[in-house]
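1. With the input below, show me the fold.
(one chain, ligands or ions: 1)
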Amino acid sequence: MAQLTIQPSGTVVDVIAGTPLLSAILAAGEKIHHKCDGKAECGSCHIFVLEGRKTLPRIQKIENEQLDALVGVSSKSRLACQTLMGEEAVTIELLSFV
Ligand code: FES
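-> As a prediction, this is how the structure comes out:
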């Protein structure tokens, strides 16, 4: 279990390692686009990882390909549906608001 801080709201929740960040964000009551329901096909769940990026599992090929197709991607970018929570605290920023 590790702490996930969700910006810009500042919501903090405890998340079990291995949980997709998209699931954790929705369970926390936050709103985020997820048009393809987590299949890495739409890119609408694009987030920035502000802190703890290196504690998260590495980007896999399917996520990397989808990120390559997006505008505004940076080294902080991840897809919430493809990123699993790690064992340490992480702070993310939601970029799309529903
Ligand atoms: S929900 Fe579509 S890529 Fe994440």
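2. any idea how far the ligand is from the residue nearest the centre of the chain?
-> Most central in the chain under C-alpha atoms, centre = their mean is Ala80, positioned 2.8 Å from the mean C-alpha point. Separation of Ala80 from the ligand (C-beta to the nearest ligand atom, to the nearest Å) stands at 6 Å. Bear in mind the C-beta positions are built from the backbone N, C-alpha and C, glycine included.
3. Based on its surroundings, how many neighbours for the residue lying closest to Val13 once chain neighbours are set aside?
-> Spatial nearest neighbour of Val13, excluding adjacent residues (C-beta to C-beta, 6 or more residues apart in numbering): Ala28 at 4.6 Å. Other residues within reach of Ala28, judged by other C-beta atoms under 10 Å, total 15.
4. I'd assumed Thr11 was in contact with Ala28.
-> Yes - assessed by C-beta atoms under 8 Å, Ala28 is found in contact with Thr11 at 5.3 Å.
5. Look up how far the ligand lies from His46.
-> Using C-beta to the nearest ligand atom, His46 is found at 8 Å from the ligand.
6. please renumber so the chain begins at 20
-> All set: I'll call the first residue 20, so the last point we hit is now His65.
7. so who does that residue touch?
-> By C-beta atoms under 8 Å, 6 or more residues apart in numbering, the contact set of His65 is 86, 89, 91-92, 96-99, 114-115.
8. Could you do Ile78 as well?
-> 86, 97, 101.
9. How about the helix or strand of the chain with the lowest mean pLDDT, which residues are buried there?
-> Least confident helix or strand, the chain: helix 80-87 with a mean of 95, by mean pLDDT, DSSP states H and E. By neighbour count with 16 or more other C-beta atoms under 10 Å, helix 80-87 contains the buried residues 82, 85-86.
10. elements contacting it?
-> Packing contacts for helix 80-87, counted by 3 or more C-beta pairs under 8 Å, 6 or more residues apart in numbering; DSSP states H and E, involve strand 96-98.
11. ok, back up a step: ok, the contacts of His65 vs His53, which is closest?
-> Among those, Ala99 lies closest to His53 (C-beta to C-beta), at 7.4 Å.
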